[in-house]
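Colleague: Could you look at this predicted model? Sequence included:
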Amino acid sequence: MARPFDLFVHAVVIGAGATVIMDLWALFLRRAFGVASLDFALLGRWIGHFADGQFTHDRIAAAAPVRGERLIGWAAHYTIGVTFAAVLLVIAGPQWLARPTLLPALAVSYATLVAPFFVMQPAMGAGIAASRTPNPNAARLRSVVTHTVYGVGLYLAGEIWAMISAAV
């Protein structure tokens with residue numbers, strides 16, 4: 001694998017690119033169909049309460065707001081996207097960077113469903129795999145589709161980065 005700094009740079013570029021694609025998808029869904037996505041302020045609120053030793057909530061929306069929660073949430077969102085890109089790069093190896101393929105990117109994106117289904121949603125009061133939401137199956141489907149888009153984004157960002165890297 002590449003040196004640690006090179007891995008970091010590749011992960012930042014590819015992970016941020018994939019996360020932007022996922023965010024553009026969410027924006028499209030909201031504007032075209034009125035489908036709401038995760039409010040990153042609530043992600044920031046959840047993380048912000050860690051400093052107080054509180055890791056779970058009955059309803060994160062009802063928890064006390066945290067100063068800078070929106071910024072914390074967006075920073076976490078992109079940090080998570082970059083981290084999962086690094087996982088892809090470590091697993092798939094340097095050959096993936098030179099010739100990205102879709103299957104490893106999708107495999108990692110589907111593995112990342114563990115985070116919302118079994119960590120974030122339960123900790124924020126939505127239950128395991130959104131079981132406490134008004135329409136759990138719709139919430140689950142949105143998560144699967146969003147993570148699929150992230151996986152496609154990993155692949156596309158990898159392709160673009162490979163073309164740029166080959167040109168310089």
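Modeller: Alright, I've got the coordinates.
Colleague: Identify all contacting residues around the helix or strand bottoming out on mean pLDDT in the chain.
Modeller: Using mean pLDDT, DSSP states H and E, the weakest-scoring helix or strand in the chain turns out to be helix 94-98, at a mean of 93. Outside helix 94-98, the residues within contact range by CB atoms under 8 Å, 6 or more residues apart in numbering are 1, 2, 10, 88, 89, 104, 158, 161, 162, 165. (C-beta placed from N, C-alpha, C; glycine too.)
Colleague: Go through that helix and flag the buried ones.
Modeller: When neighbours are counted by 16 or more other CB atoms under 10 Å, the buried residues of helix 94-98 are found to be 96, 97.
Colleague: Can you tell me which of the contacts of helix 94-98 end up in strands?
Modeller: Among these, DSSP state E puts none in strands.
Colleague: The residues you listed, buried ones only, as a ChimeraX selection?
Modeller: To isolate the buried ones among those in ChimeraX, judged by 16+ other CB under 10 Å, type:
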select :10,88,89,104,158,161,162
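Colleague: for the contacts of helix 94-98, which one is nearest residue 126?
Modeller: residue 88 (26.6 Å; CB to CB).
Colleague: Could you identify the most distant pair in the contacts of helix 94-98?
Modeller: The span of the contacts of helix 94-98, defined through CB to CB, is set by 104 and 165 at 17.8 Å.
Colleague: Beyond the strand or helix carrying residue 6, next helix or strand please.
Modeller: Residue 6 belongs to helix 4-33 when assigned by DSSP states H and E. Using DSSP H and E, the helix or strand that follows helix 4-33 in sequence is helix 40-48.
Colleague: what's that next one in contact with?
Modeller: By CB under 8 Å, 6+ apart, the residues outside helix 40-48 that reach it are 57, 60-61, 63, 65-77, 120, 123-124.
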